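# my questions concern the predicted model and sequence given below.
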Amino acid sequence: MIKIEDLKDITLDLSVEVGKTVKPFGYLLKLKEGDIIPLNKTMEEFLSIKINGQRFGVGELIVVNDKFGVKVIDLD
């Protein structure tokens, strides 16, 4: 029988989705440094937390010691 302690060193891919957009390739070719790409979410909306590409929960963007972080709000 597998114990939960046996799983603690397994590495998973954790990502946070800030937003999405769809743009034509020509738009991407014209991008230059300093350009802003608008996304489909507002600052007030929660971010999707994903593990290995699957939604795991939601969080909100925070700043900790001049670095971005995500505060977990709810787990699916």
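Thanks, I have the structure now.
# just want the most central residue of the protein.
For the chain, residue 16 is the residue whose C-alpha lies nearest the centre (CA atoms, centre = their mean; 1.3 Å).
# convert the helix or strand that contains residue 27 to PDB, retaining C-alpha atoms only.
For residue 27, the enclosing helix or strand under DSSP states H and E is helix 25-29. Extracted C-alpha coordinates of helix 25-29, given in PDB (Å, rounded to 0.1, in the frame of the first residue of the first chain):
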ATOM      1  CA  PHE A  25       0.300  35.600 -36.500                       C
ATOM      2  CA  GLY A  26       0.700  38.900 -38.300                       C
ATOM      3  CA  TYR A  27      -0.100  40.700 -35.000                       C
ATOM      4  CA  LEU A  28       2.700  38.700 -33.200                       C
ATOM      5  CA  LEU A  29       5.200  39.600 -36.000                       C
END
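# now do that helix, average pLDDT.
For helix 25-29, the mean pLDDT works out to 96.
# just after the strand ranked longest in the chain, pick out the following helix or strand.
Longest strand of the chain, by residue count under DSSP state E: strand 54-64. Moving toward the C-terminus from strand 54-64, the next helix or strand (DSSP H and E) is strand 67-75.
# list the buried ones in that next one?
residue 70 (16 or more other CB atoms under 10 Å). Heads up, the C-betas are built off the backbone N, CA and C, glycines and all.
# in contact with residue 31, which residues?
Residue 31 sits next to residue 37 when contact means CB atoms under 8 Å, 6 or more residues apart in numbering.
# sorry, back to before: for the residue nearest to the centre of the chain, give me its contacts.
Residue 16 touches 47-50, 59, 70, counting by CB under 8 Å, 6+ apart.
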